[in-house]
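Novice: Just the structure for this:
(one chain, ligands or ions: 4)
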Amino acid sequence: MGLQGQIIPYKNGEKEEDDDERAGKEISPFPPPPLHSKFAVVGYALTSKKIKSFLKPKLEGLARNKGILFVAIDQNRPLSDQGPFDIVLHKLTGKEWRQILESACTFPHYEPHDMIVEDYRRTHPEVTVLDPPDAIQHLHNRQSMLQCVADMNLSNSYGKVGIPKQIVIKKDASSIPGAVAKAGLMLPIVAKPLVADGSAKSHELSLAYDQQSLKKLEPPLVLQEFVNHGGVMFKVYIVGETIKVVRRFSLPDVCKRELSNIAGVFRFPRVSCAAASADNADLDPGVAELPPRPLLEKLARELCRRLGLRLFNLDIIREHGTRDRFYVIDINYFPGYGKMPEYEHIFTDFLLSLVQNQYKKKST
Ligand SMILES: Nc1ncnc2c1ncn2[C@@H]1O[C@H](COP(=O)(O)OP(=O)(O)OP(=O)(O)O)[C@@H](O)[C@H]1O
Ligand SMILES: O=P(O)(O)O[C@H]1[C@H](O)[C@@H](O)[C@H](OP(=O)(O)O)[C@@H](OP(=O)(O)O)[C@H]1O
Ligand SMILES: [Mg+2]
Ligand SMILES: [Mg+2]
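Specialist: Ligands and ions are numbered 1, 2, ... in the order given. I've put the predicted structure just below:
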């Protein structure tokens, strides 16, 4: 996509044509970015699914009014020949990767996506790359993803945050019952594909009710103790220093009686991913109460630092029957921000703050 044809000069305070009234009226708390084109240019390499859910007209409209332009990165051309960008936003999944790999046969200078981005980071230190590929890679494995939370051992007067007891099974399904018994994992057990690369397969989870059925699972897997949490979970979205928490429906508790009566392995759908929020549902207050804000702030800040990421969300549950015992069960890079309340405002302010910081650095 040619950049020149896309640039519309920033009109200070003047209302742009917009499909959303609120976006049109938005006045940015930041001055227009003092850059080459008067626009902060954000290059993006995202899947078509992500473009649809994230880069909605309201976001683009609001961004334009704040002096931010989103430009698609052409994945078949060197990044250095494109832009110039102030920020690069990227997330590609297993599927898109495969497509690039297949088409790579016709491109002799093909390099994998994250090598290209890593190279670009080195040669263009003035550009903010959201986020570093190796830091993102850390979340592509469900074992390493939660290691930071375990290492943090967060416990204070607001509560205690840990991860469910879990083991990794790399191969040989017949070894699973023995491995589970040896590690002392209690049933039922959630089986999750070890790789979490955003592909549909990586979201195919199942719940195993008895020891023998564990042999039916297909490694490589992470096996995690199922923690009863009253059928409600919390998604904590992080955009730089801003955090937003939403309540979502989750899997119902499994009681002892059910456990002794049911055997087998059951696939379950992406229940917590549904856009329907549990915010207005009539729920037991002890289950529905959001985790304490100071606890989440500490957790999010520390995770940003340890993971080296600025764009992610985490799924956290409260052990049913407790007030302050929490478990992080999942962390996702560049999640479905389209479902986060006010994401357009939060995201555009975040991008502007990055550009302002770059500008300050350059002028000192
Ligand atoms: N250890 C656990 N104990 C209880 N429930 C769990 C546990 N792990 C997962 N779940 C339930 O299964 C759902 C899916 O698990 P998880 O979030 O790990 O999968 P995912 O495919 O990575 O999801 P996402 O769409 O958020 O990326 C959770 O939202 C929660 O409802
Ligand atoms: O925002 P939450 O409810 O957590 O759900 C997200 C998943 O966690 C992400 O993994 C999805 O993104 P990918 O399909 O790019 O992995 C993401 O896809 P989306 O951005 O197309 O909505 C969401 O499904
Ligand atoms: Mg999840
Ligand atoms: Mg996930």
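
Novice: Tell me which helix or strand the closest residue to ligand 3 within the chain sits in.
Specialist: Residue nearest to ligand 3 within the chain: residue 330 (3.4 Å; Cβ to the ion). C-beta: built from backbone N, CA, C; applies to glycine. Under the criterion of DSSP states H and E, residue 330 resides in strand 325-333.

Novice: List the buried residues for the following helix or strand past that strand?
Specialist: The helix or strand immediately downstream of strand 325-333 is helix 343-362, counting by DSSP H and E. By neighbour count on 16 or more other Cβ atoms under 10 Å, the buried set for helix 343-362 is 343-352, 354-355, 358-359.

Novice: touching ligand 2 at all, helix 343-362?
Specialist: No - applying Cβ under 6 Å from any ligand atom, one finds helix 343-362 separated from ligand 2 by no less than 10.1 Å.

Novice: Could you check how far that helix is from the centre of its chain?
Specialist: Between the centre of helix 343-362 and the centre of its chain there are 19 Å (Cα atoms, centre = their mean, to the nearest Å).

Novice: Now the closest residue to ligand 2 within the stretch 201-350 of the chain: phi and psi?
Specialist: Closest residue of the stretch 201-350 of the chain to ligand 2, Cβ to the nearest ligand atom: residue 336 (2.8 Å). Dihedral pair for residue 336: phi -80, psi 80, per degrees, to the nearest 10.

Novice: Around it, count how many other residues there are.
Specialist: Number of residues near residue 336 (other Cβ atoms under 10 Å) recorded here: 17.

Novice: Assess the claim that it and residue 246 are in contact.
Specialist: No - if you go by Cβ atoms under 8 Å, residue 336 and residue 246 don't touch, sitting 10.8 Å apart.

Novice: And the helices in the stretch 151-300 of the chain?
Specialist: Applying DSSP state H, counting those that start in this stretch to the stretch 151-300 of the chain gives helices spanning 176-183, 256-261, 285-288, 293-307.

Novice: possible to save those as TSV with mean pLDDT, mean neighbour count and distance to ligand 1?
Specialist: Below are those laid out as TSV (pLDDT from 0 to 100; neighbours: other Cβ atoms under 10 Å; distance: least, Cβ to the nearest ligand atom, whole Å):
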stretch	mean pLDDT	mean neighbour count	distance to ligand 1
helix 176-183	97	15	14
helix 256-261	93	10	14
helix 285-288	94	13	13
helix 293-307	98	17	16
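
Novice: out of those, nearest to residue 157?
Specialist: Smallest distance to residue 157 across the helices of the stretch 151-300 of the chain (Cβ to Cβ): 8.9 Å, for helix 293-307.

Novice: Report the angle between that closest one and strand 325-333.
Specialist: Note on geometry: by axes from the mean of the first three to the mean of the last three Cα atoms, to 10 degrees, helix 293-307 and strand 325-333 are set 40 degrees apart in direction.

Novice: contacting residues around helix 293-307?
Specialist: Applying Cβ atoms under 8 Å, 6 or more residues apart in numbering, the contact partners of helix 293-307 are 135, 138-139, 148-149, 151-152, 154, 156, 158-159, 161, 236, 238, 240-241, 243, 245, 309-310, 312, 314, 316, 326, 328, 331.

Novice: Thank you kindly, that will do.
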